[in-house]
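Peer 1: Any chance you could fold what I've pasted below:
(one chain, ligands or ions: 2)
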Amino acid sequence: MKTSSPIVIAHRGASGYLPEHTLAAKAMAHAMGAGFIEQDVVLSRDGAAIVLHDIHLDSTTNVAQCFPDRARTDGRFYAIDFDLQEIRQLRVHERTHLDVKRNGLAVFTERFPAQPALFQVPTLAEEIVMLAGLDRSRGQSTGLYIELKSPNWHRREGLDLSAAIVQVLNETGYWNRPEQVFLQCFDDQTLRQLRHDLKAPLPMIQLIGDNSWGEDSEVDYDYLRTPKGLSYVASYAQGIGPFIPHIYLGKTASGDVHLSELVALARARGLLVHPYTLRRDELPKGIDSFTELLDILIHQAGVDGLFTDFPDIVVDFLRTGRII
Ligand code: G3P
Ligand code: CA
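Peer 2: Numbers count the residues shown, from 1 in each chain. Ligands and ions are numbered 1, 2, ... in the order given. Model (predicted):
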């Protein structure tokens, strides 16, 4: 039986309030009491590990204004085509659409304004140093939750994402802190390499996407959610990070919540379950409120952790049983 309280993972920081993956959003998440703060990591051309969700820079920075002639033929600006000193010249803004009809408009319309661009892209090392400093000044021990983004794509471009992240964790002293660091990835082979070849002493989470997304990976997510697939995951990882609709399937005509067996199957194999992403402003179909979503995932499904853009709300809910 599960007894401990779920961990709160600030998804891209307190990204419901400040532009994702900025140091400001991470500091806010720290102040809100998130137990873990997420870092999505990609590489610059010169191999620096930077904290950025996309392999592209154009949805969250002013790269198109700063370097208008540096797009590839598909029109996108790739982080891996820029040296760190060039990425440092960019300013980060709230995530915006890129399509012709909505170009420049915020994806989440009630959040921080899409303009101006005030912030910078941090390196992983810089973010770790800042969080360690806040841990010290606030008397906390906040965890890192690092995602290796598109490792196969990086390899095809000639760079080793795993090696770069391992180096930063070694240099900052976090490589041997299993209580304070999770590694996560959508690609099973990358996690297996970390576990078996690089001897990672850290807990790892197999992210589970949806086959329909066409992720850059050979992974069959439908298989990973089966009993056999979950036994395979348990051979190299400590948990899974599923998409919420893989747990909450909807409601019956009479309004009863319909849950999948995924949490029970995972738990039977000793796997933690950390679903993504809880957003107050983007509720799953059929869910009326953020409180209802929290109640379903925490009390009915019994998950072990939650990725959320709104860590303050989840922290309050876990402390008081309601949303303040
Ligand atoms: O890493 C969990 C969740 O963040 C996966 O989705 O696309 O937000 O990185 P994404
Ligand atoms: Ca992520």
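Peer 1: any chance you could map the helices in the stretch 101-250 of the chain?
Peer 2: With helices called from DSSP state H, counting those that start in this stretch, the stretch 101-250 of the chain shows them at 124-138, 151-156, 161-172, 188-192, 221-224, 227-234.
Peer 1: Buried residues, the last one. List them.
Peer 2: Put plainly, it is helix 227-234. 229, 230, 232, 233, 234 (16 or more other Cβ atoms under 10 Å). C-beta: built from backbone N, CA, C; applies to glycine.
Peer 1: Report how many residues lie close to the closest residue to ligand 2 within the stretch 51-200 of the chain.
Peer 2: At 4.1 Å from ligand 2, residue 147 is the closest residue in the stretch 51-200 of the chain, using Cβ to the ion. By the criterion of other Cβ atoms under 10 Å, residue 147 has 22 neighbours.
Peer 1: In contact with it, which residues?
Peer 2: Counting by Cβ atoms under 8 Å, 6 or more residues apart in numbering, residue 147 makes contact with 38, 39, 40, 41, 183, 184, 185, 207.
Peer 1: who does it bridge with?
Peer 2: For residue 147, the beta-bridge partners under DSSP bridges are residue 40, residue 184.
Peer 1: Any figure for the gap between it and residue 165?
Peer 2: 10 Å (Cβ to Cβ, to the nearest Å).
Peer 1: does the residue in the stretch 151-300 of the chain positioned nearest to ligand 1 have beta-bridge partners, and which?
Peer 2: When scored by Cβ to the nearest ligand atom, the stretch 151-300 of the chain has residue 276 as its residue closest to ligand 1, at 3.8 Å. As for beta bridges, residue 276 partners with residue 243 under DSSP bridges.
Peer 1: Quick one: name the residues of the stretch 101-250 of the chain near ligand 1.
Peer 2: Residues of the stretch 101-250 of the chain lying close to ligand 1 (Cβ under 6 Å from any ligand atom) are 147, 184, 207, 241.
Peer 1: on that earlier part again, TSV for the buried residues of helix 227-234, including pLDDT and distance to residue 161?
Peer 2: Listed next are these as TSV, based on pLDDT from 0 to 100; distance: Cβ to Cβ, whole Å:
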residue	pLDDT	distance to residue 161
229	98	24
230	98	25
232	98	23
233	98	20
234	98	24
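Peer 1: Residue 302: which of those residues is nearest?
Peer 2: Closest to residue 302 out of those is residue 230 (15.8 Å), distances taken as Cβ to Cβ.
Peer 1: The closest one and residue 273: what is the separation?
Peer 2: 10 Å.
Peer 1: so what sits against both of residue 147 and residue 165?
Peer 2: The contact sets of residue 147 and residue 165 overlap at 41, 183 (Cβ under 8 Å, 6+ apart).
Peer 1: re the thing from before, what sits in contact with each of residue 230 and residue 273?
Peer 2: Between them, residue 230 and residue 273 share the contacting residues 240, 266, judged by Cβ under 8 Å, 6+ apart.
Peer 1: so who does residue 149 touch?
Peer 2: 40, 41, 42, 52, 53, 54, 55, 161.
Peer 1: if you set the cut-off to 6 Å instead, what comes out?
Peer 2: Contact partners of residue 149, counting by Cβ atoms under 6 Å, 6 or more residues apart in numbering, are 40, 42.
Peer 1: Would you mind naming the helix or strand containing the residue of the chain positioned farthest from its centre?
Peer 2: Most distant from the centre of the chain: residue 254, at 34.5 Å, with distances by Cα atoms, centre = their mean. Using DSSP states H and E, residue 254 sits within no helix or strand.
Peer 1: ends of stretch 57-65, how far apart?
Peer 2: Stretch 57-65 has its terminal residues 12 Å apart, counting by Cα to Cα, to the nearest Å.
Peer 1: Go ahead and measure how far it is from the middle of the chain.
Peer 2: Stretch 57-65 sits 20 Å away from the centroid of its parent chain (Cα atoms, centre = their mean, to the nearest Å).
Peer 1: Just the residues contacting it, thanks.
Peer 2: For stretch 57-65, contacts defined as Cβ under 6 Å, 6+ apart pick out 77, 79, 90, 91, 92, 95, 117.
Peer 1: what's the answer for stretch 210-221, then?
Peer 2: Residues from elsewhere that reach stretch 210-221, judged by Cβ under 6 Å, 6+ apart: 150, 152, 153, 186, 187, 188, 208, 209, 222, 243.
Peer 1: Keeping just the C-alphas, turn it into CSV.
Peer 2: The C-alpha trace of stretch 210-221 is given here as CSV (Å, rounded to 0.1, in the frame of the first residue of the first chain):
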residue,chain,number,x,y,z
ASP,A,210,2.0,8.3,-27.3
ASN,A,211,2.9,6.5,-30.5
SER,A,212,0.9,9.0,-32.4
TRP,A,213,3.3,11.8,-31.6
GLY,A,214,6.1,10.5,-33.8
GLU,A,215,8.8,11.0,-31.2
ASP,A,216,12.4,10.7,-32.5
SER,A,217,12.8,7.2,-31.2
GLU,A,218,12.1,3.6,-32.0
VAL,A,219,10.2,3.1,-28.7
ASP,A,220,6.8,1.5,-28.9
TYR,A,221,5.0,3.2,-26.0
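Peer 1: I am finished for the moment; much appreciated.
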